[in-house]
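K.L.:
fold the following for me, if possible:
(one chain, ligands or ions: 1)
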Amino acid sequence: MNHPQHFFRTAGLALVLSAAAAMPAWASKDHGSHGAHGNATAQAATGDMTDGEVRKVDKEGGKLTLKHADIKSLDMPAMTMVFQVKEPALLDKVKVGDKVRFRAEKAGGAFVVTAIEAAK
Ligand SMILES: [Cu+2]
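P.N.:
Modelled structure (predicted):
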C-alpha cells in the first residue's frame, strides 16, 4: 500500500530536480550573451582614441609626429610616424613631449588626425 505513494513522490521529486537542472543552463546562457555585449561596448569606447606622445609639431606643414600605441581601427601596430591634421587648430592644443589621446583615420592614402586631447 505504501509503494505506489512512494513511487509518485519520487517521480514528482525527479521532475522538480530536472526542471531545476534546466534553469541554470538557460540562465547562464542569457548571462553570457549580456556579458559579451558589455565587452563589445567597452572595446568600442576604448578603441576610439589611441594613446600617443608628441614628437614633433609642424604648424607650417600641418603635420604632427606621434609615437603611438596600436591603432586597432587602422590595423596599425605601435610606431612613431607623421600624421597630417584635419584642422590646423589641433596643432595648437599640443606641444612636443605631451602625452595625448588621439583619433586618426585614413584619407586618400594619408593618415589624418581628426581629434586630439591631452591624456588624463
Ligand atoms: Cu603608425
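K.L.:
which residues in this protein form strands?
P.N.:
50-58, 63-68, 79-85, 99-107, 110-118 (DSSP state E).
K.L.:
need the winner for burial among these.
P.N.:
Stretch with highest mean neighbour count among the strands of the chain: strand 63-68 (a mean of 20; mean count of other C-beta atoms under 10 Å). Every residue, glycine included, has its C-beta placed from N, CA and C.
K.L.:
strand partners of that one, parallel vs antiparallel please.
P.N.:
strand 50-58 (antiparallel), strand 79-85 (antiparallel) (DSSP bridges).
K.L.:
what's the closest of the ones you listed to residue 70?
P.N.:
When the strands paired with strand 63-68 are compared by C-beta to C-beta, strand 50-58 sits nearest residue 70, at 7.4 Å.
K.L.:
now do the closest one and strand 99-107, the angle between them.
P.N.:
Angle of strand 50-58 versus strand 99-107, following axes from the mean of the first three to the mean of the last three C-alpha atoms, to 10 degrees, is 80 degrees.
K.L.:
in a markdown table, list the strands paired with strand 63-68 along with mean pLDDT and distance to residue 72.
P.N.:
Formatted as a markdown table, the strands paired with strand 63-68 follow (pLDDT from 0 to 100; distance: least, C-beta to C-beta, whole Å):
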| stretch | mean pLDDT | distance to residue 72 |
| --- | --- | --- |
| strand 50-58 | 97 | 8 |
| strand 79-85 | 98 | 14 |
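K.L.:
same list (the ones you listed) but as JSON lines, adding distance to residue 102.
P.N.:
Below are the strands paired with strand 63-68 laid out as JSON lines (distance: least, C-beta to C-beta, whole Å):
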{"stretch": "strand 50-58", "distance to residue 102": "6"}
{"stretch": "strand 79-85", "distance to residue 102": "8"}
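K.L.:
what is the least confident helix or strand in this structure?
P.N.:
Within the chain, no helix or strand scores below helix 2-48, which has a mean of 52 by mean pLDDT, DSSP states H and E.
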